[in-house]
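**Student:** the sequence isn't on hand, but the structure is:
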DNA sequence: GTTCTTTTTTGTGTATACAAGAATATCTCG
DNA sequence: CGAGATATTCTTGTATACACAAAAAAGAAC
């Protein structure tokens, strides 16, 4: 059995992730309550959870709005993201079991297939699995959780990410170096390569950030 | 003006930190409500926040208990802690302003004074300031926040930390290496030294973990 | 005396009611 | 016609009430 606010949290979180609720948008408790057919209480509890996760901001007596991250914050969060992933990679290089290495290679192969087929959507998905395979190899459940949390928090802004020309091929090539470093057990190299790999995405973000104001709901 | 649940959160968080509420202990909503002279509603909202922070665990229909971290989880969290601090150090080595370097040196000097005076309590406090000085040098507010969050989450278990023989002198010596690496701008070295410095504390934790069952309130 | 079932009790989850602060609209006066 | 003050409305924060599930206690069967 699950509680109302738990399901609500997932739903609203998804709505934020896909942009149905835009950064800066005011979240009316009663409106959400009626929309989901519940009372204000579980809605409030949901909003508090989302606030703790950083997805919304609650100002006392002034209600909740979808968190809007400024360029500065985004850069900082991406930097941390790259560090977390790099750490996963370094630990994975030292700790992966043969089975986990096999899984990583398989995920890598799947990326190659998607690249060859020139299917960005497929690649995007396989890419996630590839990174998950590295996370798993860190053998640190808490680290994995933290990394996933941050990833989810950045998701609302990810849909901005353009299908940059040749990004697929470049990405795959970077993956290749990471995989080799990991199977060779070279943690420092894996760390370095992953840090750069993720950071490059972050820099693309920087490029896009000038278009940020366009994204968010014009707050009153 | 601030809201009830905000002040409540700080109070309960502190109670958990100092061990007035022990890991595993059941948190009765009505009891807390009467104790603080408010209704259940703000208490519930507080508990939800604490749950999102990982300090308590809420199981549906079964209430909240103070989170109890197993040895495995503690080791994992300490590993992440060391990585976050190490990252702060690496960034600080590259980004610190001269003023921030001065502040770091001052904090380091304060540690030395405390060591010479053989005052563990003072050293403990000055040590915090020392690490904070490094955080600040990272120039990444989000990273600092994450690091502080984890630190706070580990606080309930920190009071276990023994005054190990010679730990003060060793700690100060380790700090010395870190400071030199940072002022020399050697990010990689600072990262490595800080990782080890924090991890050593974590290993002391491991040693103490056998005494863990004694700490937590015997859950029914 | 032990174990399984049934009943009671306790405590959580949700809904509703009320109070107070913030936003907004209206009105008055320059 | 515009600016400031006041009143109204709206939304949030808190309290209370109720429903229902889970744990605890009591009772029955073996």
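**Tutor:** Okay, I see it. These numbers were taken from a predicted model, which means no experiment stands behind them.

**Student:** C-alpha from now on. contacts and neighbour counts both.
**Tutor:** Noted.

**Student:** might one say that residue A:23 is in contact with residue A:65?
**Tutor:** Yes: counting by C-alpha atoms under 8 Å, residue A:23 does reach residue A:65; the two are 7.4 Å apart.

**Student:** nearest spatial neighbour of residue A:110, chain-adjacent residues omitted?
**Tutor:** residue A:126 (6.4 Å; C-alpha to C-alpha, 6 or more residues apart in numbering or on different chains).

**Student:** so what touches the helix or strand hosting that neighbour?
**Tutor:** Per DSSP states H and E, residue A:126 falls inside helix A:120-137. When contacts are defined by C-alpha atoms under 8 Å, 6 or more residues apart in numbering or on different chains, helix A:120-137 is touched by residues A:85, A:88-89, A:91-93, A:95-97, A:100, A:103-104, A:107-108, A:110-111, A:114-115, A:144, A:163, A:168.

**Student:** go with 7 Å
**Tutor:** A:88-89, A:92, A:95-96, A:100, A:103-104, A:107-108, A:110-111, A:114-115, A:144 (C-alpha atoms under 7 Å, 6 or more residues apart in numbering or on different chains).

**Student:** kindly calculate the angle that the host helix or strand of residue A:200 makes with helix A:120-137.
**Tutor:** Following DSSP H and E, one finds residue A:200 within helix A:187-208. Interaxial angle, helix A:187-208 versus helix A:120-137 (axes from the mean of the first three to the mean of the last three C-alpha atoms, to 10 degrees): 140 degrees.

**Student:** can you pick the most crowded of the contacts of helix A:120-137?
**Tutor:** Counting neighbours by other C-alpha atoms under 10 Å in any protein chain shown, residue A:89 leads the contacts of helix A:120-137 with 34 neighbours.

**Student:** which residue is nearest the middle of chain A?
**Tutor:** residue A:151 (2.2 Å; C-alpha atoms, centre = their mean).

**Student:** so is the nearest residue to that one once chain neighbours are set aside in a helix, a strand, or just coil?
**Tutor:** Spatial nearest neighbour of residue A:151, excluding adjacent residues (C-alpha to C-alpha, 6+ apart): residue A:81 at 7.3 Å. Three-state call for residue A:81 (DSSP: H, G, I helix; E, B strand; the rest coil): helix.

**Student:** quick one: name the residues of chain A near DNA strand C.
**Tutor:** A:3-5, A:37-42, A:61-62 (C-alpha under 7 Å from any atom of the strand).

**Student:** what's near enough to touch residue A:14?
**Tutor:** Contacts of residue A:14 (C-alpha under 7 Å, 6+ apart): none.

**Student:** before we move on, the earlier item: quick one: buried ones out of the residues of chain A next to DNA strand C?
**Tutor:** A:5, A:40, A:42 (16 or more other C-alpha atoms under 10 Å in any protein chain shown).

**Student:** export those as CSV, with columns for distance to residue A:173, pLDDT and secondary structure.
**Tutor:** Shown next, in CSV, are those (distance: C-alpha to C-alpha, whole Å; pLDDT from 0 to 100; DSSP: H, G, I helix; E, B strand; the rest coil):
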residue, distance to residue A:173, pLDDT, secondary structure
A:5, 43, 83, helix
A:40, 50, 95, helix
A:42, 47, 95, helix
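
**Student:** what is the nearest of the residues you listed to residue B:74?
**Tutor:** residue A:5 (28.9 Å; C-alpha to C-alpha).

**Student:** the closest one contacts residue A:45, doesn't it?
**Tutor:** Yes: using C-alpha atoms under 7 Å, residue A:5 is in contact with residue A:45, at 6.3 Å.
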